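# Pasting a predicted model and its sequence here:
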2 protein chains.
Amino acid sequence: MTRVLYSLCGRDESRPFSPHCWKISMALAHKGLDYVERPYPFTAIPTIEEGFSKTVPILRDGDRLVRDSFEIALYLDEAYQNLPTLFGGEGGKSLSRFVESFSQMIIHMPVTRMAILHIHDMLDEPDQAYFRRSRLERLGKPIEEVAAESEAERLAFASKLEPVRRTLHFQPYLGGDTPLFADYILFGALQWMRVTAGPPPLAQDDSVMQWFERCLDLHGGLGRRVTAA
Amino acid sequence: MTRVLYSLCGRDESRPFSPHCWKISMALAHKGLDYVERPYPFTAIPTIEEGFSKTVPILRDGDRLVRDSFEIALYLDEAYQNLPTLFGGEGGKSLSRFVESFSQMIIHMPVTRMAILHIHDMLDEPDQAYFRRSRLERLGKPIEEVAAESEAERLAFASKLEPVRRTLHFQPYLGGDTPLFADYILFGALQWMRVTAGPPPLAQDDSVMQWFERCLDLHGGLGRRVTAA
């Protein structure tokens, strides 16, 4: 086995939670490629592969090292063209960037507010200190203040997903009849929430929740293997 | 000439303004297909092609009639496979639905609030009465009340486009290096604004505004041919 996905964990290695790493777990499974997942805590990431990247996911594929979830997905689709496509052509590649941007700009901040204290509590002590410091720098306030908006975010969360809900009126996946990397992008955000803070605050009969449940079932229930917080 | 695009106008036939019809003008030009545009006022739409559709765009292509902008784009790509693609493959088709849904759910209501009185004023009298009545039914309040939120929408408009702005950090068009139907979908919304109420409230150095200007220049300046209100 020479294929390794370096991902992110807290105290418990069996509960990887990074949205970007989940995108790649799903992408590898979609391609049917074997891999070993090696989750690292935040402060150990600089030791991976001699400091190859400041962030995970990192993929080692034989001699090849690739970083950044979108870059890894592009690499996998290019390197394994005979296995199921992650993009469905050039248009799909470009428009997956829009799905990524929607997820980053509209969904990630609400999930951060709802999950930040839970993530903190999942970490070992050196990582807790790092997490507090880095999030203060990035978000401009202590994690407790970020989490103060958690309840408001729970109430507003379903409405943020309106463009996804309307899309699912036409097709079962963002990618069409079957999932593409675009689905795994958004799945990653909701799975990050699920593993750290519990199921996303969506009604069971919400088509977005039903899509998420379908994604949890994909690839032998890969996503469901890690239970909800 | 057997190719006709039935579109929407007010008093002035030379200023078609429907976002959905602009998507198809751009799509036809993208394919390099000749066509005649026949703009109709709202209340005359039921007379087009013996009442074929309650809404425009309608495309007549020889013996074929097609309605609904997305259906027309799919039809054009299927019927003229040797001409430049509007979707860039199956993934692009599916993800264009997500761009359509983003445009409908996030951009159309703000444009409606900013443009509704201007649209009313562009119509002939029988259409003004129809417009008032149909918008009261659809929006639950008189058009003047809808427009009362116009200034707030102007201030918030740039922020709604954040996912587009981030995408344009990676590529010049939503479709990648060159535009696809996904670009025309969003272009239609901003062109609707431009033709009825004036340029979208975005800074000149905003990458979304720069993308919009590039779109206005496409296909021999097809979009720029109709001046801003």
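Yep, that arrived. Everything numeric in this text was worked out from a predicted model, so none of it was measured. Numbers count the residues shown, from 1 in each chain, chains lettered A, B, ... in the order given.
# For residue A:171, what is the enclosing helix or strand?
Of the helices and strands defined by DSSP states H and E, none includes residue A:171.
# what sits against the nearest residue to it once chain neighbours are set aside?
Computed as C-beta to C-beta, 6 or more residues apart in numbering or on different chains, the closest residue to residue A:171 that is not its neighbour in sequence is residue B:94, at 6.1 Å. The C-beta positions use only the backbone N, C-alpha and C, and glycine is treated the same way. For residue B:94, the contacting residues are A:88, A:92, A:171, A:173-176, A:180, A:182, by C-beta atoms under 8 Å, 6 or more residues apart in numbering or on different chains.
# Can you tell me which of those residues has the most neighbours?
Among these, residue A:182 has the most neighbours (other C-beta atoms under 10 Å in any protein chain shown), with 31 neighbours.
# Now the helix or strand harbouring it: average pLDDT?
For residue A:182, the host element (DSSP H and E) is helix A:181-197. For helix A:181-197, the mean per-residue pLDDT is 98.
# how about it as PDB, C-alpha atoms only?
Taking C-alpha atoms only, helix A:181-197 is exported to PDB below (Å, rounded to 0.1, in the frame of the first residue of the first chain):
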ATOM      1  CA  PHE A 181     -16.800  15.800  -6.400                       C
ATOM      2  CA  ALA A 182     -19.200  18.800  -6.100                       C
ATOM      3  CA  ASP A 183     -21.400  16.600  -3.800                       C
ATOM      4  CA  TYR A 184     -18.400  15.600  -1.700                       C
ATOM      5  CA  ILE A 185     -17.400  19.300  -1.300                       C
ATOM      6  CA  LEU A 186     -20.700  20.100   0.300                       C
ATOM      7  CA  PHE A 187     -20.900  16.800   2.100                       C
ATOM      8  CA  GLY A 188     -17.500  17.600   3.700                       C
ATOM      9  CA  ALA A 189     -19.000  20.700   5.300                       C
ATOM     10  CA  LEU A 190     -22.000  18.900   6.700                       C
ATOM     11  CA  GLN A 191     -19.900  15.900   7.800                       C
ATOM     12  CA  TRP A 192     -17.500  18.200   9.600                       C
ATOM     13  CA  MET A 193     -20.600  19.500  11.500                       C
ATOM     14  CA  ARG A 194     -22.000  16.000  12.100                       C
ATOM     15  CA  VAL A 195     -18.800  14.500  13.500                       C
ATOM     16  CA  THR A 196     -18.000  17.500  15.800                       C
ATOM     17  CA  ALA A 197     -21.300  19.000  16.900                       C
END
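# and the next element down the chain from that helix?
helix A:207-221.
# Now that next one: buried residues?
By 16 or more other C-beta atoms under 10 Å in any protein chain shown, the buried positions in helix A:207-221 come out as A:207-209, A:211-212, A:215-216, A:218-219.
# remind me which residues of chain A are low pLDDT?
By pLDDT under 70, the low-scoring segments of chain A are A:1.
# Pull up the residues of it that are close to chain B.
A:85, A:87-102, A:104-106, A:162-167, A:170-171, A:173-176, A:180, A:182 (C-beta under 8 Å from any C-beta of the partner chain).
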